[in-house]
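Undergrad: Just need the structure, nothing else, for what follows:
(2 chains)
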2 protein chains.
Amino acid sequence: MKEIIPVILSGGAGTRLWPLSRSKRPKQMLDLIGEGSMLGMTAERVADPALFAAPWVVAGTSQAETIEDAVPSLDRLILEPAARNTAPAIALAALAAARDDLLLILPSDQLIGDAAGFRETVARAAPFAREGWIVTFGMKPDRAETGYGYIERGPELGDGVHQAVRFVEKPDAATAGRYFGGGRHDWNGGIFLLSAGTYLDALEAHAPDIAGAARGAMAAARNEGRRTYPDPAAFARSPSISIDYAVMEKAEKVAVAPVSVGWSDVGSWEALMEVSPRDADGNALAGDVLALGARGCLIRSEGPLVAAIGVEDLIVVATGDAVLIVPKAQSQRVKDVVEALKDKGRGEWT
Amino acid sequence: MKEIIPVILSGGAGTRLWPLSRSKRPKQMLDLIGEGSMLGMTAERVADPALFAAPWVVAGTSQAETIEDAVPSLDRLILEPAARNTAPAIALAALAAARDDLLLILPSDQLIGDAAGFRETVARAAPFAREGWIVTFGMKPDRAETGYGYIERGPELGDGVHQAVRFVEKPDAATAGRYFGGGRHDWNGGIFLLSAGTYLDALEAHAPDIAGAARGAMAAARNEGRRTYPDPAAFARSPSISIDYAVMEKAEKVAVAPVSVGWSDVGSWEALMEVSPRDADGNALAGDVLALGARGCLIRSEGPLVAAIGVEDLIVVATGDAVLIVPKAQSQRVKDVVEALKDKGRGEWT
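TA: Coordinates of the predicted model:
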């Protein structure tokens, strides 16, 4: 069987984990659970020579060296001259591959607890991708989350892979509750298995301006060792659109492989807490922390001693130049801080 | 009328305001409300040439230069070779003074909102001190505080000065409630007006070992400009006892002048909050702080940016090497942190 090329998208900024994540040190570069960077863990998750080729990464040019350090097994690094969201990024990889190569598109900043289970599902999905299906991986919901898109499952195509009936953007709370109760909707985790040819054809049909810009950028690309520099002027002509909008919601042959493999996008400090080991008081502590009577807290320091007394359900994150304090249930509001810092022209978000 | 010599006792460590206060930067050296150090404010409070002579300070030798910087008007600096609590410290000052000098003994780390009212009370109390009374100043309680000693008021001697019936150590909650309701008990703020001779006689009668040690230390003292270095060997023989234990609870002629002058010993972060200006959300913010939806918080930074979102009734204090987070109502527990740091041999309390 022909190998699958993992294509890791490392374009995100990840301000939601401020003050640890910064524009110059995005979430995928952080060691959040003590097992290396998110990007490194993503690459290791697909380090199975029986199933996968060595990984490719698509990222911004400023990240090149950091990524080469984080992913020693890297086979190809496609450096986007500008950020244009996922649809154009994947197009660059698809154009660099052979038409019948299978690409496993992976965000660089997610955790999957059961890597073996995930690989097994990818292997089951591969025959469908070879037949021209764009296979998504539907993460089994454990709550009525409003922060994710959902995929509605249709009839089974075979081997646990279903036709996808509908993609739904982030729903309101009532809709999310219905989805969670109904059992036919899974979270869209942004992981896709598809052949390069299938993707390029879909792009040509549904987003020809992206296809054209990416083709121009790769035709004039410059290669240096394993690095590929697409042409900036050509790539700049691409609109900035996600694969979900550009392709998934419009393509004909879309499948979903439901999985239950301990997936988390670690999209907030609260989400990190859910996947972190806790002590007897329910605290997830990391770094130089002294907790006295604290309960249910995530407290993390990369610099100063943090002494927390008698606090509950609180997130505290300290770095050398900034300290965040927010109740666990409000940890999504971290983006408000980052916006305020940008407005003030402060350096603590860069 | 002969002047009164303010004698400021600057011996305390003040670990209760950690991480701002450290053993090498005690509470009296902190600028807590933006009006200079507590010690400097204490000296300014008695800078009234009609009533007071230039101030004296009794402190540990390591603080000499810091104190001379903080109190430019300093007349005499008595440098204790060892910490022996307040009774011996006051004895050194009393021996340096003439027997009929009046001494106003002042802790160096308190706030008084109404300095003029305080000076007026001192002036009213002076005639009683000249007649051999040890005059205490009874701070009018505004709550059933268990953290202070109390003075029971007896019959009025005249001019708002009462005989003191009894000194009571920190009471339990029920007793404190009775005192607060009864209206005959005031807080012992540790401020005393007495003549040097009265004090030395009382010490001779009730604590002769302190009197002897202090006399020996001052007889062999070395003077350098305005600095006095009592003899270490002699002073080391003194027991370590407070003026309350050694004298006040035993002396005959003890008076109390009740005052209501906005007194605070700033004995905790919560106490500091009570005397600090607040914004519309009830927050007392100082330093580089970004508060979003915070209410009733004291947030203070001497270093990093502190971003607090949606927290209530919380104390947050950040310095370059340490961050404290504690609910306002538990701010007395800061001492537990300092104890833990001492136990661990950590440098963040020094």
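Undergrad: For the residue nearest to A:L292 when sequence neighbours are not counted, the count of nearby residues, please.
TA: Taking C-beta to C-beta, 6 or more residues apart in numbering or on different chains as the measure, A:L292 lies nearest to A:I309, with 4.7 Å between them; neighbours along the chain are not counted. Where C-beta positions appear, they are placed from N, C-alpha and C, glycine not excepted. For A:I309, the count of nearby residues is 21 (other C-beta atoms under 10 Å in any protein chain shown).
Undergrad: my guess is A:I309 contacts B:V337, does it?
TA: Yes: with contact defined as C-beta atoms under 8 Å, A:I309 reaches B:V337; the gap is 6.5 Å.
Undergrad: shared neighbours of those two, anything?
TA: Overlap of the contact sets of A:I309 and B:V337 (by C-beta atoms under 8 Å, 6 or more residues apart in numbering or on different chains) consists of A:L292, B:L324.
Undergrad: in the helix or strand hosting A:F118, what's buried?
TA: Using DSSP states H and E, A:F118 maps to helix A:115-130. Residues of helix A:115-130 classed as buried: A:A115, A:F118, A:R119, A:T121, A:V122, A:A123, A:R124, A:A125, A:A126, A:F128, A:A129, A:R130 (neighbour count, 16 or more other C-beta atoms under 10 Å in any protein chain shown).
Undergrad: what residues are up against the fourth one?
TA: Think A:T121. By C-beta under 8 Å, 6+ apart, the neighbours of A:T121 are A:F137, A:G160, A:A257, A:V259, A:V261.
Undergrad: and the residue in the stretch 51-200 of chain A that chain B sits nearest to, how many residues sit next to it?
TA: Taking C-beta to the nearest C-beta, chain B has its nearest neighbour within the stretch 51-200 of chain A at A:G147, 17.5 Å off. Look at A:G147: counted by other C-beta under 10 Å, it has 13 neighbours.
Undergrad: Sketch out the helices for chain A, chain order is fine.
TA: In order along the chain, chain A carries the following helices (DSSP state H): A:38-45, A:64-70, A:86-96, A:115-130, A:173-182, A:196-206, A:208-219, A:232-236, A:243, A:269-274, A:334-343.
Undergrad: residues making contact with the shortest one?
TA: Outside helix A:243, the residues that touch it by C-beta under 8 Å, 6+ apart are A:T86, A:A87, A:I90, A:I105, A:F192.
Undergrad: Report the beta-bridge partner residues of the nearest residue to the fourth one once chain neighbours are set aside.
TA: Closest residue to A:I105 apart from its sequence neighbours, by C-beta to C-beta, 6+ apart: A:F192 at 4.3 Å. Beta bridges link A:F192 to A:I105, A:T136 when assigned by DSSP bridges.
Undergrad: Please read off the pLDDT at A:A87 from the model.
TA: The predicted local distance difference test score for A:A87 is 97.
Undergrad: ok, now which ones touch it?
TA: Residues counted as contacts of A:A87 (C-beta under 8 Å, 6+ apart) are A:L203, A:A207, A:I210, A:I241, A:S242, A:I243, A:Y245, A:A246, A:V247.
Undergrad: Leaving out the residues flanking it, which one is nearest to A:Q110?
TA: Across the structure, with C-beta to C-beta, 6+ apart as the measure, the residue nearest A:Q110 apart from its sequence neighbours is A:D265 (5.0 Å).
Undergrad: again with A:L102
TA: Spatially, and ignoring its direct neighbours in sequence, A:L102 is nearest to A:I4 (4.5 Å; C-beta to C-beta, 6+ apart).
Undergrad: Start and end of stretch A:175-195, how far apart?
TA: End-to-end distance for stretch A:175-195: 33 Å, by C-alpha to C-alpha, to the nearest Å.
Undergrad: quick one: that stretch to chain centroid distance?
TA: A distance of 15 Å separates the C-alpha centroid of stretch A:175-195 from that of its chain, computed with C-alpha atoms, centre = their mean, to the nearest Å.
Undergrad: Check which residues of that stretch are buried.
TA: Buried-residue list, stretch A:175-195, by 16+ other C-beta under 10 Å: A:176, A:179-180, A:185-195.
Undergrad: cool, stretch A:318-328 as well?
TA: Taking 16+ other C-beta under 10 Å as the basis for neighbour counts, the residues of stretch A:318-328 that come out buried are A:A318, A:T319, A:A322, A:V323, A:L324, A:I325, A:V326, A:P327, A:K328.
Undergrad: got the contact list for it?
TA: Stretch A:318-328 has contacts (C-beta under 8 Å, 6+ apart) with A:18-20, A:269-270, A:273, A:287, A:296-298, A:300-304, A:306, A:313-317, A:333-334, A:337, A:348, B:301, B:304-311, B:314, B:316, B:318, B:323, B:325.
Undergrad: Out of those, which end up buried?
TA: Under a neighbour-count criterion of 16+ other C-beta under 10 Å, the subset of the contacts of stretch A:318-328 counted as buried comprises A:18-20, A:269-270, A:273, A:297-298, A:300-301, A:303-304, A:306, A:313-317, A:333-334, A:337, A:348, B:301, B:304-311, B:314, B:316, B:318, B:323, B:325.
Undergrad: and chain A, which residues reach chain B?
TA: Within chain A, the positions near chain B by C-beta under 8 Å from any C-beta of the partner chain are A:19, A:290, A:292-293, A:301, A:303-311, A:314, A:316, A:318-327, A:330, A:333-334, A:336-337, A:340-341, A:346, A:348.
Undergrad: taking these one by one, which sit in strands?
TA: With strands identified by DSSP state E, the entries of the residues of chain A next to chain B that belong to them are A:290, A:292, A:301, A:305-309, A:314, A:316, A:318, A:322-327.
Undergrad: From chain B, how far off is the residue nearest to A:Q110?
TA: To chain B, A:D265 is 21 Å away according to C-beta to the nearest C-beta, to the nearest Å.
Undergrad: residue contacts, that residue?
TA: By C-beta under 8 Å, 6+ apart, the contact list for A:D265 reads A:P107, A:D109, A:Q110, A:L111, A:Y148, A:G189, A:G190, A:A271.
Undergrad: can you pick the most crowded of those residues?
TA: Neighbours here are counted as other C-beta under 10 Å. On that basis the top member of the contacts of A:D265 is A:D109, with 28 neighbours.
Undergrad: and the residue most central in space within chain A, what pLDDT?
TA: The central residue of chain A, meaning the one whose C-alpha is nearest the mean C-alpha position (C-alpha atoms, centre = their mean), is A:P107 at 2.8 Å. Residue-level confidence at A:P107 comes out at 97, pLDDT.
Undergrad: coming back round to it: in CSV, list the helices of chain A along with distance to B:K27.
TA: Listed next are the helices of chain A as CSV, based on distance: least, C-beta to C-beta, whole Å:
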stretch, distance to B:K27
helix A:38-45, 45
helix A:64-70, 46
helix A:86-96, 56
helix A:115-130, 54
helix A:173-182, 50
helix A:196-206, 67
helix A:208-219, 64
helix A:232-236, 60
helix A:243, 60
helix A:269-274, 34
helix A:334-343, 32
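Undergrad: Name the residues of stretch A:205-214 that are buried.
TA: A:H206, A:A207, A:I210, A:A211, A:G212, A:A213, A:A214.
Undergrad: got the contact list for the residue lying closest to A:E274 once chain neighbours are set aside?
TA: Residue nearest to A:E274 in three dimensions, not counting chain neighbours: A:S264, with 6.9 Å by C-beta to C-beta, 6+ apart. In this structure, A:S264 makes contact with A:Q110, A:L111, A:I112, A:A271, A:E274, A:V275, judged by C-beta under 8 Å, 6+ apart.
Undergrad: All set now, cheers.
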